Structure formats: C-alpha cells, structure tokens
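# the following comprises the amino acid sequence and a computationally predicted model.
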Amino acid sequence: MENSHLTAVMRTFSKKEARDLRKWLNSPVHNQREDVILLFEYLMAGAHLEDDKFLHKERVFSKLFPDEAYDDAKLRQSMHFLLKSVEEFLIYQELHDDEVRSRMALASVYRKRKLDKAFQKTIKSVETLQEDAPYRNEQFLRNEYLLQLEKYNFQEGKKRTIEMNLQTVSDALDMTFLADKLRQSCLMLAHQAVYKAQYNIGLLDEVLHFAERGAYLQHPAIAIYYYGYKAVTDESGEEYFQHLRQEIQKNKDHFPHSELRDIYLMAINYSIRQVNKMGKEHYLRELFELYRNGIENKILIENNELSRFTFRNTINTGISLKEFDWINNFIDEYQIYLPAQHRENLVQFSRARLHFAKKEYKKAMRLLAQSDFDDILTNLYGKSMLIMMYYEEEEMDALESLIESMRTYMRRKEVMGSYKHIYSNLIKYTKKLIRINPFDKEEKDKLAQEIKGTSPLPEKEWFLKQLEKI
C-alpha cells in the first residue's frame, strides 16, 4: 500500500486541504461508507503517510476491521472508494478555485433549464468577475471566449432575428488561440534547445503574421510570447528582446506566479545564450538585473525554495559585474530559501568565491580548506581557485601538492567531457607558468600565443596577466 496511487495523492495534501477533505467525507452526499472515513483518519494520523511500516496492508486492515481475518479484496475496495472520493474532492476544489469558470458552469445549467432571468443574472456576475480578474494571461482570454460562447448559445435558442455576437465569439477565439499557440511554441523552442529534440510547430508562421496585424500585440498574453519567440529565432533578436523586457516590466502583475517565473526564465535563458555563445558581454547586466528583480520580487522563489542553480548563477553573474556588496547581502538574506541538503556547502563555496573575486585570498583559502564539496564540479572549481591563489601568493609547495592531488582526484572521479579538458588545461598551463624561464622573452611570447590559442581555458586572461608580470 506504501506505493499505491492513493497514498501518493494523500501525501500532497496540506493541513487545510486535509481538514476540508474530512468535512467532505463526513457528508453523506459525498460518502456513505464508514470504512472510507476510518481509512482516511488512519492515513492522516501521525507519521503514517511518511513511514512505510504503517502502510503494510495487514496492519492497515487490522485497524479498519479489527475483528476480521485479513481480506485483500476488502481492503482494496476501501482504498478504491476513498480514492474515488478524494478525486471528486480535488475536481471540486479545482473548479471552485476558478470562480469565473464555476459561475459560467452555473449559467450553463440555468440556460439548459430555460431559467432566463437566473441565466442573465449569473452571466452578468461572470462579466463582472472577468473585468475584475487580476490576470491577463491565456486563461483570461479562454474564459472570455467561453463567456461569449455561452452568451451566443443563450441567444441562439431565442429568436434568430436578433443580433448575434458571432463576431465577438470569433475574435475571442482568435485571441485565445494566438496566446496559447505562441506560449506553446516558446515552450517547445526551449525544450528543443536543451534536449536536442526537433518539433514541427504547425501553423506558426501564419500565427506570427496574424499576431503582427491589428491590435493583438497590445495584449500581454500575446505580446510576451511573440517577442520571446522572435528574440530567439529572428536576426533582429536584440530588438525583440528589449520589447520583451518592456512587456515583462509593464505586465508582471498580470500573470500568476508560476507563469511569470517561466517568463523570467525565458528571458534569462536568452541572455545566458547571448553571453555564452555570442560573447555579448553587455547581456551580463541584463542577466543580473533579471536575476536580481526575479529574486527580490520572489518570482524565482517557488514553494518557498530557491533553486541552487539559480542561487549559484546569480552569484557568478553579480561577481562578474563586481556587484560585491549586493552579492554579500544576497548570500546572507536568501540562503534560507536553499534546499537544506545543499545549503551549508553552497553558502560556504559562495562566500569563498566572493572573497576570491575581491582578492581576499586568506579568507577564501580558509573557507575552501575547511570544505569537502559533494559535487565534483564544485570541488574542481574550488581547487582551481586555490591554484590561482597559491600561485599569486607564491606558496609553491602548496601549489605543487595541489596540482598532483587534483590530477589524482580527476582520474579517480573519472571527470568526463569538456570539464576534463578545462581542468587538464588548467593544470598543464599552471605547470608551464611555474617552470618558464623569466628571462627568455621568446619562450614567454611562445607560451602567450599557445595560451591564446587553447580552448577550453576559462582562466585564459588570468594566465596572460600572470605571464606579463614575470
């Protein structure tokens, strides 16, 4: 029972949802089986859902039916009816949370029962809810289309000589389709870039051309995804990206948190590509502002948690721009949002990274020497910082020892792909830097050319700078 669909669903319930479900199950309208209530109470008690020993079928059955011999079919029947009641409750909750959609359903009931006055009153309340809706996303447009369609269905059942709202229905459907298609296209484009998948985004050219006509780009649910898609795919991408940034700033209150987070990530990923692939350094500032704004407004914080990758990327970007004070405050203030299992190591590494960038080498070395990071790449990056600091501080014995231990570490951990080349090159050119004849200009020039032509070597500028000092 520990791996059943029922327990998987029940584990997702908040305390409030559990209280509401208890009321639901105790209503004879929704449930008339005592064993279902007993099973629910058992599952929700103590740590029963977390500890598998409480979910052994025989143990559960003995609590539900203490005077009976174990009957697997009977227990499965209790589980089935509880799951059925839970699913009906979840459906009700989902519909209830969208007040526009639930009132529209009521209007539809009144229309089918030919209760015209009740229909008119209810549909008017739906129109008011639509006008006051906080968001202007695709769901808003879809609700507008369904509202107009419901009004048409009401009119269609009356005299056919009256004016019909068919044009309004058609326009609302166009808006809904444009917003939905453009959003879906952006999602497919992002997935395609990460997983190397190939998608046929049918009708997209027609949709793009259609969106450019009329006043469609005045609607945020269409404009944001139109500019997002064009930024990635068009030669004038930078121009479209600026439009995207303006739309985000202007309309960020018009989208629910989860969708706004996706929109920010779309803009962030575009900026990352511009920096990494195109070498456009000015996008570092764009990237940093997106991270800063997204974090300070809790947009990039989901379920009270900040991804460790977003935390690390924010720090790297801020350090590149020498935003040292902000990064220091960021580490202090936002570390509580990191997953507990990664928090200590990531905070310690981030502080070491900041001290390194500020050339506070003693502080950085002390933090790195105290740490043993679980992640291989974090460990390697920490060792690379130590190599550069030992060299600059002329701690040659420690440097030689670290180079050998790093080589052994890479061999033992079987570091693969581009990372193996990056850190192998780091070791290779550090050793050449140590052994070069400082009085041989020809040898120094030759090494400089070799460093310039080597890839991957992220520390290239550092090596060239140290070579100039010799």
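Good, I have the coordinates. Keep in mind that what you see is a predicted model, and the values were worked out from it rather than measured.

# share the number of residues neighbouring the closest residue to Glu302 other than its chain neighbours, please.
With CB to CB, 6 or more residues apart in numbering as the criterion, Glu302 has its nearest non-adjacent residue at 6.2 Å, and that residue is Arg261. The C-beta positions use only the backbone N, C-alpha and C, and glycine is treated the same way. By other CB atoms under 10 Å, the residues close to Arg261 number 17.

# check the secondary structure at Arg261 for me.
Here Arg261 is recorded as helix under DSSP: H, G, I helix; E, B strand; the rest coil.

# just use 16 as the starting number from now, easier for me
All right, first residue 16 from here; so that's Arg276.

# that one is in contact with Lys313, isn't it?
No: using CB atoms under 8 Å, Arg276 is not in contact with Lys313, being 9.6 Å away.

# so what's the backbone phi/psi at Ile237?
Dihedral pair for Ile237: phi -90, psi -50, per degrees, to the nearest 10.

# now for it: which residues touch it?
190, 193-194, 197, 226, 231 (CB atoms under 8 Å, 6 or more residues apart in numbering).

# residue contacts, the residue nearest to Glu317?
309, 314-315, 317.

# taking those one by one, which sit in helices?
Among the contacts of Arg276, the members found in helices (DSSP state H) are Gly309.

# returning to what we had before: of the contacts of Ile237, which is the nearest to Arg157?
Ala194 (8.3 Å; CB to CB).

# which stretches in the stretch 266-415 of the chain count as strands?
In the stretch 266-415 of the chain, the strands defined using DSSP state E, counting those that start in this stretch lie at 316-317, 320-321.

# what residues does stretch 316-334 touch?
Residues contacting stretch 316-334 (CB under 8 Å, 6+ apart): 272-273, 276, 287, 299, 302-303, 306-307, 310, 315, 339, 341-342, 345-346, 349-350, 352-354, 357, 361, 365, 368-369, 372.

# CA atoms only: put it into CSV for me.
Once non-C-alpha atoms are left out, stretch 316-334 reads as follows in CSV (Å, rounded to 0.1, in the frame of the first residue of the first chain):
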residue,chain,number,x,y,z
ILE,A,316,11.3,31.5,-5.5
GLU,A,317,8.8,28.6,-5.8
ASN,A,318,7.2,26.9,-2.9
ASN,A,319,9.4,28.9,-0.6
GLU,A,320,12.5,27.5,-2.3
LEU,A,321,15.2,28.9,-4.5
SER,A,322,17.0,26.6,-6.9
ARG,A,323,20.6,26.1,-6.0
PHE,A,324,21.4,26.6,-9.7
THR,A,325,19.7,30.0,-9.7
PHE,A,326,21.5,30.9,-6.5
ARG,A,327,24.9,30.0,-7.9
ASN,A,328,24.2,31.7,-11.3
THR,A,329,23.1,34.9,-9.6
ILE,A,330,26.3,35.0,-7.6
ASN,A,331,28.5,34.2,-10.7
THR,A,332,26.8,37.0,-12.7
GLY,A,333,27.0,39.5,-9.9
ILE,A,334,30.6,38.8,-9.2
